[in-house]
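Participant: Quick check, what structure comes out for this input:
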Amino acid sequence: MQCLPPDNTQVCIELDIATVAGSVGVQHHFGPVQILGSAYANQAVRIYADPNTSIFFVVSRSSGTGTTNAVATLSGYLVNLP
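Facilitator: Coordinates of the predicted model:
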């Protein structure tokens, strides 16, 4: 992850969503996004997952100092396959 400026005032975050689709593990990558203070982002996407599989969110950041909180929300609807 390369988005930390020389003065170290901003932090870069990335989000990955892991699913299983067609019996194959799939990872969807979003970012990096530079933030200073609080940041909010949204993105419309199509993500598919097999029935009864878990969906995982993984958040990473460029700075190992200090603390941070991350909240992720996934909303959508069921599409029946033919």
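Participant: In three-state terms, how would V33 be classified?
Facilitator: Here V33 is recorded as strand under DSSP: H, G, I helix; E, B strand; the rest coil.
Participant: mind checking which helix or strand H28 is in?
Facilitator: Applying DSSP states H and E as the criterion places H28 in strand 24-35.
Participant: That strand - which strands sit beside it in the sheet, and in what orientation?
Facilitator: Paired neighbours of strand 24-35 in the sheet (DSSP bridges): strand 11-21 (antiparallel).
Participant: hang on, the earlier thing: dump the C-alpha coordinates for the strand holding H28 into PDB.
Facilitator: Taking Å, rounded to 0.1, in the frame of the first residue of the first chain, the C-alpha atoms of strand 24-35 are listed here in PDB:
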ATOM      1  CA  VAL A  24     -14.500 -20.800  -5.800                       C
ATOM      2  CA  GLY A  25     -13.200 -18.400  -3.300                       C
ATOM      3  CA  VAL A  26     -13.400 -14.800  -4.600                       C
ATOM      4  CA  GLN A  27     -11.800 -11.700  -3.100                       C
ATOM      5  CA  HIS A  28     -13.200  -8.200  -4.100                       C
ATOM      6  CA  HIS A  29     -10.700  -5.400  -3.500                       C
ATOM      7  CA  PHE A  30     -11.600  -1.700  -2.900                       C
ATOM      8  CA  GLY A  31      -9.100   1.100  -2.300                       C
ATOM      9  CA  PRO A  32      -6.600   2.400  -1.500                       C
ATOM     10  CA  VAL A  33      -8.300   5.500  -0.200                       C
ATOM     11  CA  GLN A  34      -6.500   8.400   1.500                       C
ATOM     12  CA  ILE A  35      -8.100   9.700   4.700                       C
END
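Participant: Pull out the buried positions in that strand.
Facilitator: Within strand 24-35, the residues that qualify as buried are 31-32, 35, counting by 16 or more other CB atoms under 10 Å. Just so you know, the C-beta spots here come from the backbone N, C-alpha and C atoms, and that holds for glycine as well.
Participant: Give me the neighbour count for the spatially closest residue to P32 that is not a sequence neighbour.
Facilitator: With sequence-adjacent residues excluded and distances taken as CB to CB, 6 or more residues apart in numbering, P32 is closest to C12, at 4.4 Å. With neighbours defined by other CB atoms under 10 Å, the count for C12 comes to 18.
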